[in-house]
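Engineer: Fold the stuff below for me.
(chains A and B)
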Number of protein chains: 2
Amino acid sequence: MENVLTLNLKNAEAFISLEETIAFAGQSVRHLETLNAGTGAGSDFLGWLTLPSDIQVQIDKIEKAAARLRSITDTTVVIGIGGSYLGARAINEALAHSFSPYLKQKQAHEILFAGQNICEDYFSELIEILDERNYSIIVISKSGTTTEPAIAFRILEQHLEKKVGKKETEQRIIAITDEQKGALRSLADANKYETFVIPDNVGGRYSVLSPVGMLPIAVSGLNIRALAEGARDMELITRKNKDITTNPALLYAAARNLLLKGGRLVEIMVGFTPKLYFFAEWWKQLYGESEGKDGRGIFPASVNFTTDLHSLGQYIQEGQRILFETVISVKNPARTVTVPASQDDSDQLNYLAGRRLSEVNHNAEDGTILAHNDGNVPVIKIEIPAIDEYYLGQMIYFLEISCGISGYMLDINPFDQPGVEAYKKNMFALLNKPGYEEVGRELRKRL
Amino acid sequence: MENVLTLNLKNAEAFISLEETIAFAGQSVRHLETLNAGTGAGSDFLGWLTLPSDIQVQIDKIEKAAARLRSITDTTVVIGIGGSYLGARAINEALAHSFSPYLKQKQAHEILFAGQNICEDYFSELIEILDERNYSIIVISKSGTTTEPAIAFRILEQHLEKKVGKKETEQRIIAITDEQKGALRSLADANKYETFVIPDNVGGRYSVLSPVGMLPIAVSGLNIRALAEGARDMELITRKNKDITTNPALLYAAARNLLLKGGRLVEIMVGFTPKLYFFAEWWKQLYGESEGKDGRGIFPASVNFTTDLHSLGQYIQEGQRILFETVISVKNPARTVTVPASQDDSDQLNYLAGRRLSEVNHNAEDGTILAHNDGNVPVIKIEIPAIDEYYLGQMIYFLEISCGISGYMLDINPFDQPGVEAYKKNMFALLNKPGYEEVGRELRKRL
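Structural biologist: Residues are numbered from 1 along each chain as shown, chains lettered A, B, ... in the order given. Below is the predicted model of the structure:
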């Protein structure tokens, strides 16, 4: 097919042969069947499998809510952390103007993020600019008590009320939370905020195609129908397809697990455009949080080339041979810039005159893949025609389903995250949260 | 001392005892002596050792040039890649307003970066905003022929000339390059651009305290005297000090190499504020490019907490035990925000009412370090009183000298980067650069 993501293992074949991968992929197929049957670990959290179709009935409501926020305000603060943050940010930043806040003629609606950290300076500076802005809030939290977003929402809800009054604030806040229970649900109902539901059977890192991601993406002016369509087309290609030669999700899961067995402990997600930076962050959570348990899992890292060829390039070329790379290769850029000619050619670039930057960039990509191969680094390539909503939708579903399969290959539960609680418990104890005083006393002795 | 960076190994001691570290540190001392004697590998590139003092005579000239650009323009585009990019960006972003382009009342002068990638969309969008701006250019390149910055400079030099004319352009471009030879030197001399020199004995990743970093930092309005002073004070503490208990550079080099021997293949640089994001990128180049050769070196990664506790936190807590963390712990934030009280306390945060966000953040930091320790992750802590020019200057010199020592402990040359050429050669060949046609034919067969 022309208009579809493809997986290219040519530059991994010196490390894992296609025969070996196909043989190993029998396992992938079994795990895909387990996913579909809902009989594996974490099977209460498989709602994302059919989300591209299931979300359809909500798209009208999401678009209407987005249009409303856009009509009454010029800025929306999205409050969330982890899976309630990275998905929307990944899509928005992949498609936003690189210098959008610098544009004199403002484009569309501006999205700012809060509650993804507790840095006092960041928050103070955020409030400083919100003082000057006509803004709305989308707050995303299943429970409403996760410390970072709860603090941000407490402060900004009061800030907005002081600025525009209680009545107007009701119109400007939308909560995405549990259908029935939890602090944010109660608070939203009491204040008559519009709400959307985080499905019970979708974990945070798999939730970008639910209202969690879809509403902030729609508010920024992007086409969520195309995003869902891309995901749905990828669902058709992968979910029931047991043929490893036509199902890239089976192939990716098999290849990376074979590489891990061969001592490749670190996977580096590579983009050749800064626009994919947050997409790689989203991928790091998806794979790191799904697989990093029981002392297992590939450590996920990311780089941005050619920028980082001049920082981490040396390591990748010649450091410890514990790495493999997964390159997101994008065929067509959205804009055009060519290298101009120069009379004196003192910079020796006239051989490039008249050629597009993307041609240089694509040759840098090909050259890098071959160089790293020669340096004993296996490279997997994910190829998409362009960065737009439709292909990002394909990428999301492809990476999600492949992650589920890959987790089962590692014999872990790819849908829980028990380790995330450890720091929270310690933090509560050190802050003397009621009920944690005893633990606090013990911990303080160790500081 | 009160006003100095300190290194805290308490949370690494379960993995490497202080006795063991001190014993091992005998090696550090020897390598520090080799550095000072200039008898080790790469000793042609030791100019950074005394740069905090050597730069003093140039500070007046740098400040004058910066003031000139600030007086005639409101924006400066800094063109550079790798070591000609990350140092200035690390310092500028650590000290800039988090939302500076959003401020209605513009603060000072704006710095934009180019030539650090060849993404066509990024470049096109940059030109779009430069069409509207009154800008100047700082171009940084030893040779003037490195592809990424050379393309950016060729395009922007012509853009600026078209915009403000040849005469005015001469006033608006400053080149930082080789003292005598190279394409950029010739071009700058021919056009009467003001120039600064990249010293021959300072490699890119060690050059932030030379004009390479100092000029862009000064143009953004920061205090480069304080930056140099912090570095000089750290030089006094570390360069001739053979006592591991008072020289943190010896201790850091020893501890991380002991951890590597114990199977910790990946070092994660951790900040608890997004402001340190680019500082960690700078560190990744410094250590990754210095150590990643001959199949050796610790793989450098970075995270931003508490943000990434909700993405990579699970992996760090429970994934493969190949990691250790180095936390940059900052005592005091620059601004104040407190958690407000709430009448109904439905979010259960009233126990935090009246307390500062930084108190919550510090307890998150302590809680995280203990949790990761319990999860079998060694943690090194670098403690500084605040993020300002002076302490960033201390950090820069501390990390540089410790990197030199650490590289010698690994028995590699920490001052070269032979692996960076591999992708360039392939790229030239695939682009049919004159002289590379034959290689190009061979490579194309492998694509």
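
Engineer: so what's A:Ser43 closest to, chain neighbours aside?
Structural biologist: Spatial nearest neighbour of A:Ser43, chain neighbours left out: A:Phe415 (7.9 Å); criterion: C-beta to C-beta, 6 or more residues apart in numbering or on different chains. (Each C-beta comes from the backbone N, C-alpha and C, glycine too.)

Engineer: Excluding its own residues, what touches stretch A:15-22? List them.
Structural biologist: With C-beta atoms under 8 Å, 6 or more residues apart in numbering or on different chains as the test, stretch A:15-22 has contacts from A:9, A:244-245, A:251, A:254-255, A:258-259, A:262, A:264, A:324, A:378.

Engineer: let's go with 10 Å and repeat that
Structural biologist: Under the criterion C-beta atoms under 10 Å, 6 or more residues apart in numbering or on different chains, residues A:9-10, A:12-13, A:23-24, A:28, A:244-245, A:250-251, A:254-259, A:261-264, A:324, A:373, A:376-380 lie in contact with stretch A:15-22.

Engineer: that older thread, count of neighbours near the residue nearest to A:Ser43?
Structural biologist: 23 (other C-beta atoms under 10 Å in any protein chain shown).

Engineer: In terms of helix, strand or coil, where does the nearest residue to A:Asp131 once chain neighbours are set aside fall?
Structural biologist: Closest residue to A:Asp131 apart from its sequence neighbours, by C-beta to C-beta, 6+ apart: A:Lys163 at 7.8 Å. For A:Lys163, the assignment made with DSSP: H, G, I helix; E, B strand; the rest coil gives helix.

Engineer: just checking, A:Lys163 touches A:Leu130?
Structural biologist: Yes - under the criterion of C-beta atoms under 10 Å, A:Lys163 is in contact with A:Leu130, at a separation of 8.1 Å.

Engineer: More neighbours: which of those two?
Structural biologist: Taking A:Lys163 and A:Leu130 together and counting by other C-beta under 10 Å, A:Leu130 has the greater number of neighbours (21 against 16).

Engineer: Pretty sure the more buried one sits against B:Leu103.
Structural biologist: No - counting by C-beta under 10 Å, A:Leu130 stays clear of B:Leu103, with 11.5 Å between them.

Engineer: Let me see the contact set for the one residue in the stretch 151-300 of chain A that gets nearest to chain B.
Structural biologist: In the stretch 151-300 of chain A, the residue that lies nearest chain B is A:Gly292 (2.8 Å; C-beta to the nearest C-beta). By C-beta under 10 Å, 6+ apart, the residues touching A:Gly292 are A:298-300, A:410, A:412, A:417, A:419, B:312-320, B:323.

Engineer: just the helices in the stretch 101-250 of chain A please.
Structural biologist: Remark: helices assigned in the stretch 101-250 of chain A by DSSP state H, counting those that start in this stretch are A:120-130, A:147-172, A:183-190, A:211-219, A:224-238, A:248-261.

Engineer: Of those, which is nearest B:Met395?
Structural biologist: helix A:120-130 (17.2 Å; C-beta to C-beta).

Engineer: pLDDT score for whichever residue of the stretch 51-200 of chain A sits closest to chain B?
Structural biologist: Closest residue of the stretch 51-200 of chain A to chain B, C-beta to the nearest C-beta: A:Gly82 (2.9 Å). Looking at A:Gly82, its pLDDT reads 97.

Engineer: That one touches A:Lys284, doesn't it?
Structural biologist: No - using C-beta under 10 Å, A:Gly82 is not in contact with A:Lys284, being 11.2 Å away.

Engineer: okay, and the common contacts of the two?
Structural biologist: Both A:Gly82 and A:Lys284 are in contact with A:205, B:308, B:311, where contact means C-beta under 10 Å, 6+ apart.

Engineer: which one among these gets closest to B:Leu209?
Structural biologist: Using C-beta to C-beta, B:Asp308 is the member of those that sits closest to B:Leu209, with 29.5 Å.

Engineer: Tell me how far that closest one lies from A:Ala14.
Structural biologist: 33 Å (C-beta to C-beta, to the nearest Å).

Engineer: where does chain A have low pLDDT?
Structural biologist: A:1-2, A:106-107 (pLDDT under 70).

Engineer: cutoff 90 now
Structural biologist: Where chain A drops to pLDDT under 90, the residues are A:1-3, A:17-27, A:102-108, A:245, A:344, A:446-447.

Engineer: Can you check which strand is longest in it?
Structural biologist: Identified as the longest strand of chain A according to DSSP state E is strand A:323-332.

Engineer: ok, for the residue of the stretch 51-200 of chain A closest to chain B, nearest residue in space, not its chain neighbours?
Structural biologist: B:His310 (2.9 Å).

Engineer: anything in contact with each of A:Lys163 and A:Leu130?
Structural biologist: With C-beta under 10 Å, 6+ apart as the test, A:Lys163 and A:Leu130 both reach A:Leu156.

Engineer: rewinding a little: comparing A:Gly82 and A:Lys284, which shows the higher neighbour count?
Structural biologist: The neighbour comparison of A:Gly82 against A:Lys284 (other C-beta under 10 Å) goes to A:Gly82, with 28 against 24.

Engineer: what residues go with each domain of chain A?
Structural biologist: As assigned by automatic domain parsing, chain A contains the domains A:6-43+A:227-413, A:47-223.

Engineer: Need those domains in a markdown table (columns: distance to B:His109).
Structural biologist: Listed next are those as a markdown table, based on distance: least, C-beta to C-beta, whole Å:
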| stretch | distance to B:His109 |
| --- | --- |
| domain A:6-43+A:227-413 | 22 |
| domain A:47-223 | 13 |
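
Engineer: what about these, which gets the closest to B:Asn350?
Structural biologist: Smallest distance to B:Asn350 across the domains of chain A (C-beta to C-beta): 9.6 Å, for domain A:47-223.

Engineer: Endpoint to endpoint, the closest one covers what distance?
Structural biologist: 22 Å (C-alpha to C-alpha, to the nearest Å).

Engineer: what's the offset of it from the middle of its chain?
Structural biologist: Distance, stretch centre to chain centre, for domain A:47-223: 16 Å (C-alpha atoms, centre = their mean, to the nearest Å).

Engineer: buried subset of the contacts of A:Gly292?
Structural biologist: Applying 16 or more other C-beta atoms under 10 Å in any protein chain shown to these, the neighbour count classes A:298-300, A:410, A:412, A:417, A:419, B:312-320, B:323 as buried.

Engineer: separation between the residue nearest to A:Val360 when sequence neighbours are not counted and A:Leu349?
Structural biologist: The shortest distance from A:Val360 to any non-neighbouring residue, by C-beta to C-beta, 6+ apart, is to B:Ile118 (5.2 Å). Counting by C-beta to C-beta, the gap from B:Ile118 to A:Leu349 is 12 Å.

Engineer: These two: which is more packed in?
Structural biologist: A count of neighbours by other C-beta under 10 Å puts B:Ile118 above the other of B:Ile118 and A:Leu349, at 30 against 22.

Engineer: Looks like that one contacts B:Thr146 (just checking).
Structural biologist: No - the pair formed by B:Ile118 and B:Thr146 falls short of the contact definition of C-beta under 10 Å, at 11.2 Å.

Engineer: between these two, what contacts are shared?
Structural biologist: B:Ile81.

Engineer: From one end of stretch A:319-326 to the other, what's the distance?
Structural biologist: Stretch A:319-326 has an end-to-end distance of 17 Å (C-alpha to C-alpha).

Engineer: ok, now stretch A:28-47?
Structural biologist: 20 Å.

Engineer: about what we covered before: now, of the shared contacts of A:Gly82 and A:Lys284, which are buried?
Structural biologist: A:205, B:308, B:311.

Engineer: out of these, who's nearest A:Leu431?
Structural biologist: B:Asp308 (20.3 Å).

Engineer: Okay then, goodbye and thanks.
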